[in-house]
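Participant: coordinates only, no sequence provided:
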């Protein structure tokens, strides 16, 4: 009987440990693959030059610029809004029907598939908001009602909104209740308690949210597929009302529409390496920030 | 103290926690078979650590050990490998914790039968017989025989603790370790459990840690007094409480410290 | 007692009236802005639903579109044709036939091939993802030695930082060939490959969730079980796993919902063949991938356009329902 149990214990332990190590192996392999094959083609020219239009030569600078601009514009929108919502939920609201509505909304937004954000971006930002703006300024031409960087940024902003709300909420929850009480005892109004006691400690959460949403924003392609990204924009000036190029989209198009994928492979791997470095760095920084926060409060 | 019929004997036994804190130190004592031995002392005196060391529950806390604990057949508990340890705990030493710990999501029947599962008994008839026997001995059978399929968490505190006792004795262990079993119970349940302890001594060697001196006087044949991790005095209960030879012991008993 | 004169200071006039007013106004504006933020969140959700519905509603309301959807394009009789263009025509096109051919003389928009594709790919992803995450979480929570435990957790989280485009790309350019040599399928890009790559997005989420659940299991019960003489695997399989079924299932549902909406991996790895079959070794098309693939080329207001929005609507409702039930389950099982 003992032998049977010993064997079962051994098998169980072996299988679970092996699976865990298998997962680690796969991840290492994937990263290794991208790093090795990607660094082969990597060079300073690659990073700073523009593409040549065909799918086999040239650099990726406009894509990097496009991704960076997308992410920057998106953050200007989500980080403050996410913080505002988190502060409302955690500090100001009486737990009434409105609170439930906002809470469920944030949860729903977190669950909406990224492609649906793309539909929303097209239907709402491009058509409605863009259309209204066009109507307001009275142009016949479509100035705002176009698929462009601006609306793509807003769309991404909506996508990453829940991430920011959650990060800031985490930070807010770490502020001890006593500190808020102390603020009240000093005669602060509700807002002043937030402004002077809670917010300074929420900055960390905002930073975490910023970093995590940058990581997500740089990596998601689905929402911008038809809201403004393009494969080849010859003179990409960074005009927000223009179409733009982006790292993830570039990978997608090159991988699926190249006449000769094998010849395009080096560029593909290198582009992937750049994108991966970007998302990894930001994701890791975000996780580290989170960890630091938790440790600080545990003290 | 000389004991003829020893169930368990410790030699210079010590437990040390990973952060350096000493649980107990240099404890050498033997436990008389089929008797109730109480271990008393102020909080932090090491009585719980010592008890947990007796079935090496302290392994879970990554403790280091010194000394040895010898069973009736001469085996040293400190030398057992993890598998033999499981056998030891399943078969020969039962343990009841301070707070009643019913298993989540198990019915009363399944909960009491958990140790049988460890030993590999699966025949339904045998299971039922053993569960019933254990619960009868633990004075729980009459109260719950009609609701064995209810969740074990639906019982009251006192009933849950008796369930834990039933669970501990179901494999008829030689030794039964009780860690302040009544400290979270109401007076009525406490009385029930104390009566139980006296009955259990007929078939098991009972070691009970308690912070309640009156309880030790009520149920124990012999009592050991621990202080700051060491065994200070060990004698028949009557002697300890009426005529302690050590000054520390008498101070504690009078109530100079607690 | 010494004589200490007690003077009632004029504490009320520390700040002038203007200061108080300014603080009041600032307070009102700030709190108002906070409420507005909450309202914006609700607004966005409502807007998403509203606009997706608005753009797909014409399928049943607009007669022109209904005409387009009609399966009787080759009817010679104009009147009969118009009479037949009812809501049922739309439904007939969507549900009554089995082909997805948006670009042709007779546009066919059957939902069935897409549903089949979604089901195939999601099933593979969830099956693989759940099993692997489950075993890995047990290893992390119980079996791995202390130092490895943290490393494995961190590395699994790394997987979450890989964008789905990258996974899709690697699947397409590298793993597809591998899979084909191992399994010998005819099609290089198929549902199974897409499902497998998709499981990589699901594994980090599920592993973290499962591991949280298992690590937080009551230590006292584990000790009590050890005191009963149970081996580790017995404690895990007969005590911990059964006691946490509900939470684990809810976490699994969450992963399932995530798979539903995934677009890029499917676009790149599944072969994009909108066929109605349950063959895992052939191509497939999901709702999300269809939107992604075809939206770029439709005319706004077109039938095709509205159908794609309808797909989006289906996606929203599906993920919303899954998430709702998963939240309910989690709440229920947290009190068990």
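Facilitator: Okay, I see it. Just so you know, these numbers come straight off a predicted model, no measurement behind them. Numbering: from 1, shown residues only, chains lettered A, B, ... in the order given.

Participant: so what pLDDT did the residue in chain B positioned nearest to chain A get?
Facilitator: Nearest to chain A in chain B, going by C-beta to the nearest C-beta, is residue B:120, at a distance of 4.8 Å. Yep, even glycine has a C-beta here, placed from its N, CA and C like the rest. pLDDT recorded at residue B:120 is 78.

Participant: ok, now residue A:108?
Facilitator: So, for residue A:108, pLDDT stands at 89.

Participant: a helix runs through residue A:134, doesn't it?
Facilitator: Yes: under DSSP: H, G, I helix; E, B strand; the rest coil, residue A:134 falls within a helix.

Participant: tell me, how many neighbours does the residue of chain B closest to chain A end up with?
Facilitator: Using other C-beta atoms under 10 Å in any protein chain shown, residue B:120 has 12 neighbouring residues.

Participant: could you do residue C:27 as well?
Facilitator: Neighbours of residue C:27 using other C-beta under 10 Å come to 17.

Participant: thought the residue of chain B closest to chain A was touching residue B:86?
Facilitator: No: counting by C-beta atoms under 8 Å, residue B:120 sits too far from residue B:86 to count as a contact (11.6 Å).

Participant: common neighbours of the two, please.
Facilitator: Overlap of the contact sets of residue B:120 and residue B:86 (by C-beta atoms under 8 Å, 6 or more residues apart in numbering or on different chains) consists of residue A:5.

Participant: does residue A:258 touch residue A:267 like I think?
Facilitator: No: contact criterion C-beta under 8 Å: residue A:258 and residue A:267 do not qualify, at 9.3 Å.

Participant: and the two? Which one has more around it.
Facilitator: residue A:267 (23 against 17).

Participant: how about the more buried one: what's its closest non-neighbour residue?
Facilitator: residue A:41 (6.3 Å; C-beta to C-beta, 6 or more residues apart in numbering or on different chains).

Participant: which parts of the chain are helices?
Facilitator: The chain I'm using is chain A. A:2-41, A:44-48, A:61-87, A:97-111, A:114-120, A:130-137, A:149-173, A:177-185, A:190-192, A:199-219, A:247-257, A:261-298 (DSSP state H).

Participant: please go with chain B instead
Facilitator: B:47-54, B:82-91, B:108-119, B:124-137, B:141-144, B:157-169, B:187-200, B:213-219, B:237-242, B:247-254.

Participant: what's the last one packed up against?
Facilitator: Just to be clear, that refers to helix B:247-254. Applying 3 or more C-beta pairs under 8 Å, 6 or more residues apart in numbering or on different chains; DSSP states H and E, one finds that helix B:247-254 contacts strand B:222-227, strand B:230-236, helix B:237-242.

Participant: show me which residues of that helix are buried.
Facilitator: Across helix B:247-254, burial judged by 16 or more other C-beta atoms under 10 Å in any protein chain shown covers B:248, B:249, B:250, B:252, B:253.

Participant: where does pLDDT dip in the chain?
Facilitator: You didn't pick a chain, so chain A it is. Along chain A, segments meeting pLDDT under 70 span A:1, A:53-56, A:139-140, A:238, A:297-299.

Participant: oops, I was thinking of chain C
Facilitator: In chain C, residues with pLDDT under 70: C:1-16, C:18, C:63, C:67-68, C:70-87, C:334-336.

Participant: how does it divide into domains?
Facilitator: C:3-56, C:58-96, C:112-335 (automatic domain parsing).

Participant: nearest to residue B:14, out of those domains?
Facilitator: Comparing these against residue B:14 with C-beta to C-beta, the closest turns out to be domain C:112-335 (21.0 Å).

Participant: could you report the neighbour count for the nearest residue to residue B:114 once chain neighbours are set aside?
Facilitator: Among residues not flanking residue B:114 along the chain, residue C:228 sits closest, at 5.3 Å (C-beta to C-beta, 6+ apart). Residue C:228: 28 surrounding residues under other C-beta under 10 Å.

Participant: which strand or helix spans residue C:137?
Facilitator: helix C:112-138 (DSSP states H and E).

Participant: contacts for the following helix or strand past that helix next, please.
Facilitator: The C-terminal neighbour of helix C:112-138 among helices and strands, as given by DSSP H and E, is helix C:146-160. For helix C:146-160, contacts defined as C-beta under 8 Å, 6+ apart pick out A:20-21, A:23-24, A:27-28, A:31, A:280, A:283-284, A:287, C:136, C:139-140, C:144, C:200, C:203-205, C:207-208, C:211.

Participant: just the buried members of the residues you listed?
Facilitator: A:20, A:23-24, A:27, A:31, A:280, A:283-284, A:287, C:136, C:139-140, C:144, C:200, C:203-205, C:207-208, C:211.

Participant: any idea how far residue A:5 is from the residue of chain B found nearest chain C?
Facilitator: Nearest residue of chain B to chain C: residue B:90, at 2.1 Å (C-beta to the nearest C-beta). Residue B:90 sits 10 Å away from residue A:5, going by C-beta to C-beta, to the nearest Å.

Participant: neighbour-wise, which of these two wins?
Facilitator: residue B:90 (25 against 19).

Participant: list the contacts of that one.
Facilitator: By C-beta under 8 Å, 6+ apart, the neighbours of residue B:90 are B:115, B:118, B:119, B:171, C:228, C:229, C:230.

Participant: weed out the non-buried ones from the residues you listed.
Facilitator: Buried among the contacts of residue B:90 (16+ other C-beta under 10 Å): B:115, B:118, B:119, B:171, C:228, C:229, C:230.

Participant: could I get those as CSV with distance to residue A:206?
Facilitator: Formatted as CSV, those follow (distance: C-beta to C-beta, whole Å):
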residue, distance to residue A:206
B:115, 53
B:118, 52
B:119, 57
B:171, 58
C:228, 50
C:229, 52
C:230, 48
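
Participant: for these, work out which two are farthest apart.
Facilitator: B:171 and C:230 (11.7 Å).

Participant: who touches both of those two?
Facilitator: Joint contacts of residue B:171 and residue C:230 (C-beta under 8 Å, 6+ apart) are B:90, B:115.
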